[in-house]
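A.B. asks: Structure for this input, please:
(chains A and B)
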Amino acid sequence: MIPELGTFATILALCLSLILSVVPMIGAYTGNKLWVDYARPLAKGVFFFLSLAMLFLAYSFQTDDFSVVYVAQSSNFNLPWYFKISAIWGGHEGSLLLWVWIQAFWTLAVAVKSKNLPIDIVGRVLAVMGMITAAFLLFILFTSSPFERFLPNAPAQGADLNPLLQDFGLIVHPPALYMGYVGLSVAFSFAIAALLSGRLDAAWARWSRPWTNVAWAFLTLGIALGSWWAYYELGWGGWWFWDPVENASLMPWLVATALIHSLAVTEKRGVFKSWTVLLAISAFCLSLLGTFLVRSGVLTSVHAFATDPERGVFILGMLIFVIGGSLLLYAIRAGSVKSESTFALSSRESMLLVNNIIFTVACAMVLIGTLYPLVMDALDLGKISVGPPYFNALFVPMMSLMVIFLGIAAFSRWKETPTELYVSKLWLPAVLAVVAAVVTHWIYSQSIEPWVLLALVLSYWIVFTWGREFVSRLRNRDSLVTGLTRQTRSYYGMLLAHLGVAVMIVGIAMVTVFVEHRDARMSPGDQIEFRGYTFIFDGAREVQGPNYTSDMARVRVLRDGVPYREMFPEKRMYTARGMVMTQVALDPGFTRDLYIAMGEELENGAWAMRLQFKPFVRWIWLGALFMTAGALLAASDPRYRKQAKRDAAQRQLVTE
Amino acid sequence: MNAQRKQRLTLVLLIVFGSSIAVALVAYALSQNINLFYSPSQISMGEAPADTRIRAGGIVVEGSIRRDPSSLKVEFDITDYAHSTTVQYVGILPDLFREGQGIVAQGALDGSGRLIASEVLAKHDENYMSPEIAAALEAAGQMPHMPPTAGKGY
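C.D. replies: Got it, this is the predicted structure:
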């Protein structure tokens, strides 16, 4: 009964979203305010019914209703209750329901938080979001309903959730990532609404900015959580694999990064307008492309399990419709857009343009590397794969260039910046960055590794240039306190996010160059020593878990010969699927992680063991957290609300 | 040419210059880092080049796993049921590596047609078969009956 109610709720949500995508749009065109006013309640209705659908699915999981195909495939009596919740999005059907539910949530958020926006714009934005919701709901109902039943013979026991997914990572990573992916639809809808209404002005950029920042923050967080999860779950100790599915999330991120910078120019200076719209369209189209790549099974990837050509065709059709439709609209409307000001070659506008060029080119490179094997295969030119060296060879120079400009941009001014100003402000940070990098590098390793040195110079470059800019802002104030309090939240957010870039660069370079690992055959009593740590293998014993049996090893760790701690890596056998999983033992630290994974069992109680020393690996995710926090801080800047209120008041005056 | 036009020209030239560097880099990096996939049949017929990084995939032959007693060196055969290839690897095999399971190995062929692997990949779901291996088995006319791949894994 409950699963049928779930289907029913999904169908109702589909009906409401279809009305939402038509009625307010017509209302906005004909000037019928009553029709436009339907948008908000409809958005709430869609969210309500999809929440019900989620609840019904959650209920089916909690009550072990294995007559539901999806539950039987990805749950089991013995699965702990919290994994029964995260199992909702542990497979294809449920993750799509989560996707569309989050889409409805964003629609609701726009409906509630847009009190001060012109009603026709709100109507158009919500209508576009309704169309996206409707398309995904059609997809779910026709090709991948999570509520489908096994009838008449329901299995007595479920096949269990894939053990890889039985982890805290599954609880947080997909929701955060989807919040980001789907959040880009808000920027997209604002862009489409602006194109439809023909009012592509600074106000439009100001409305979409906070939304885009929040979406970007979640996307950053989601990708970082995925990286962290892969690091400890897959047992290899890698934090980025250039896996096609990772690339699928990185591409929208790169374009969204360009977008949040380009929106700043459009809002402040009224230039780059059509470019910004194009970025907003591209960012969301890329997140749809990512869905297509992951869900259609065209990619060979750790994520691409379920493959079904019918689903691929549906998403491809949707992709063509969205990309084609929005680009057509763009082609018709963007020509009439006029810039509101001009700028010199040496100016902040140009700096942000450089940022945009670098990030879009980087995205194009990832796109080529990801799609090239597909194209080759389709043309029957052989089955190839493009490995990490391709991406590294392109990404390192691109991002180094980006960071150099990031430092220079600290002293750029709108409209025009005299070249002498750059020289006079930048020489000191440049010298300091080199000196500080050499000194810290030498203190750390008593050697000089060129890549680490480059990374440290770049990181210090960011810190010193923006630090100097920050200090000069404070100097112009009467006291330190007024100086600190006068800066806006967006400004602090920007500083924090840029600092995050510096932190992440340190982490990436250090862990890549100074990582040390030993893959060894260890019998009980064997010990291995490196980087000041001694690892003594005490053998493995059998341990019983709730839905698995495990071989748990005990490894004693000595630091400089003194007992430091014991670590317990495991090799688990998940009984329901007969699937073997490595459970890593970690000793996390600010400047290094110790990482132990068990390989296969060899004879006489010996095991293949993987021991790793990973310096500064946490800094990668710490940097991403800084970026997330920075973007959220900037989005919460009260000026957006104040300005929107002023705009609303002005419109009131005009209409009266 | 007035000042504004000059500026625009500089900007356009910069963009053209930058993007041609980018295109050159992409072309170079792609030519260096493409790994072609070969099936055991193709390898045994001598279609795969030696001393070049390639990928090979197939089913691990039952009873073919031979371990070195004192190190992590391991040898096994992969097959498409028409021909088989020996793979040599030093290190830790993935969790889902086992006899009868489809795997993909990355490495280079030595003179005797043995693949010296630097990486061995097995997929993370027992029902899943890499499309490349499936295609290789089909080409050899040996596609076993596989259970329908269920919607597992996110």
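A.B. asks: Tell me the helix or strand right after the longest helix along chain B.
C.D. replies: Ranked by residue count under DSSP state H, the longest helix found in chain B is helix B:3-32. Remark: after helix B:3-32, the chain's next helix or strand is strand B:34-38, criterion DSSP states H and E.
A.B. asks: hmm, who's touching that following strand?
C.D. replies: Under the criterion CB atoms under 8 Å, 6 or more residues apart in numbering or on different chains, residues A:382-387, A:390, B:47-48, B:53-57, B:104, B:106, B:132 lie in contact with strand B:34-38. Where you see a C-beta, it was placed from the backbone N, CA and C, and this is true even at glycine.
A.B. asks: Could you count how many residues lie near whichever residue of the stretch 51-200 of chain A sits closest to chain B?
C.D. replies: Residue nearest to chain B within the stretch 51-200 of chain A (CB to the nearest CB): residue A:92, separated by 4.4 Å. The number of residues packed near residue A:92 is 26, by other CB atoms under 10 Å in any protein chain shown.
A.B. asks: Can you tell me how far it is from residue A:247?
C.D. replies: Between residue A:92 and residue A:247 the distance is 20 Å, computed by CB to CB, to the nearest Å.
A.B. asks: what does residue A:323 give?
C.D. replies: For residue A:323, the distance to residue A:247 - CB to CB - is 18 Å.
A.B. asks: Same question for residue B:21.
C.D. replies: To residue A:247, residue B:21 is 22 Å away according to CB to CB.
A.B. asks: try residue A:316
C.D. replies: In terms of CB to CB, residue A:316 sits 18 Å off from residue A:247.
A.B. asks: Pick out whichever of the two has more residues nearby.
C.D. replies: residue A:247 (23 against 15).
A.B. asks: Do the helix or strand hosting the more buried one and chain B come into contact?
C.D. replies: In this assignment (DSSP H and E), residue A:247 forms part of helix A:244-269. No. Against chain B, helix A:244-269 shows no contacts by CB under 8 Å from any CB of the partner chain, the least distance being 10.0 Å.
A.B. asks: Next secondary structure after that helix?
C.D. replies: Downstream of helix A:244-269, the next assigned helix or strand under DSSP H and E is helix A:273-296.
A.B. asks: next helix or strand past that following helix?
C.D. replies: helix A:309-333.
A.B. asks: Which secondary structure elements does that next one sit against?
C.D. replies: On a contact count with 3 or more CB pairs under 8 Å, 6 or more residues apart in numbering or on different chains; DSSP states H and E, helix A:309-333 meets helix A:119-143, helix A:168-197, helix A:273-296.
A.B. asks: And the second one, how far out from the chain middle?
C.D. replies: For helix A:168-197, the separation from the chain centroid amounts to 10 Å (computed by CA atoms, centre = their mean, to the nearest Å).
A.B. asks: Likewise for the shortest one?
C.D. replies: Offset of helix A:273-296 from its chain centre (CA atoms, centre = their mean): 14 Å.
A.B. asks: Briefly note if it comes near chain B.
C.D. replies: No. Using CB under 8 Å from any CB, helix A:273-296 stays clear of chain B, with a minimum separation of 9.1 Å.
A.B. asks: Give the rounded mean pLDDT of that helix.
C.D. replies: For helix A:273-296, mean pLDDT is 87.
A.B. asks: Pull up the gap between residue A:617 and chain B, please.
C.D. replies: 19 Å (CB to the nearest CB, to the nearest Å).
A.B. asks: Tell me how far that residue lies from residue A:464.
C.D. replies: Taking CB to CB, one finds residue A:617 at 25 Å from residue A:464.
A.B. asks: out of those two, which sits in the more crowded spot?
C.D. replies: Between residue A:617 and residue A:464, residue A:617 has the larger neighbour count (other CB under 10 Å), namely 26 against 21.
A.B. asks: thought that one was touching residue A:511?
C.D. replies: Yes. Between residue A:617 and residue A:511 there is a contact at 4.4 Å, judged by CB atoms under 8 Å.
A.B. asks: between the two, what contacts are shared?
C.D. replies: With CB under 8 Å, 6+ apart as the test, residue A:617 and residue A:511 both reach residue A:239.
A.B. asks: Kindly state the beta-bridge partners for residue A:558.
C.D. replies: In this structure, residue A:558 bridges to residue A:534, residue A:563 when assessed by DSSP bridges.
A.B. asks: Can you report how many residues neighbour it?
C.D. replies: Residue A:558: 16 neighbours (other CB under 10 Å).
A.B. asks: pretty sure residue B:81 contacts residue B:59?
C.D. replies: Yes. Here residue B:81 lies in contact with residue B:59, judged by CB under 8 Å, at a distance of 7.3 Å.
A.B. asks: Just say helix, strand or coil for residue A:389.
C.D. replies: When classified by DSSP: H, G, I helix; E, B strand; the rest coil, residue A:389 comes out as helix.
A.B. asks: nearest residue to it other than its sequence neighbours?
C.D. replies: Once flanking residues are discounted, residue A:389 sits nearest to residue B:33: 4.5 Å by CB to CB, 6 or more residues apart in numbering or on different chains.
A.B. asks: what do you get for residue A:180?
C.D. replies: Here the residue nearest residue A:180, using CB to CB, 6+ apart, is residue A:219, at 2.7 Å.
A.B. asks: before we move on, which element is that neighbour in?
C.D. replies: Using DSSP H and E, residue A:219 sits within helix A:202-233.
A.B. asks: elements contacting that helix?
C.D. replies: The contact analysis (3+ CB pairs under 8 Å, 6+ apart) places helix A:202-233 against helix A:168-197, helix A:244-269, helix A:273-296, helix A:618-635, helix A:638-655.
A.B. asks: so which of these gets nearest residue A:334?
C.D. replies: Closest approach to residue A:334 among the helices and strands packed on helix A:202-233 is made by helix A:273-296 (4.0 Å; CB to CB).
A.B. asks: which ones are touching the residue of the stretch 451-600 of chain A found nearest chain B?
C.D. replies: Across the stretch 451-600 of chain A, no residue is closer to chain B than residue A:599, which sits at 3.4 Å (CB to the nearest CB). Taking CB under 8 Å, 6+ apart, we find residue A:599 in contact with A:519, A:582, A:607-610, B:72, B:92-93.
A.B. asks: so it, which of the three states?
C.D. replies: strand.
A.B. asks: Quick one: list the elements packing against the worst-scoring helix or strand of chain B on mean pLDDT.
C.D. replies: Lowest on mean pLDDT, DSSP states H and E among the helices and strands of chain B sits helix B:131-139, with a mean of 73. Counting contacts by 3+ CB pairs under 8 Å, 6+ apart, helix B:131-139 packs against helix B:40-44, strand B:54-60, strand B:102-109.
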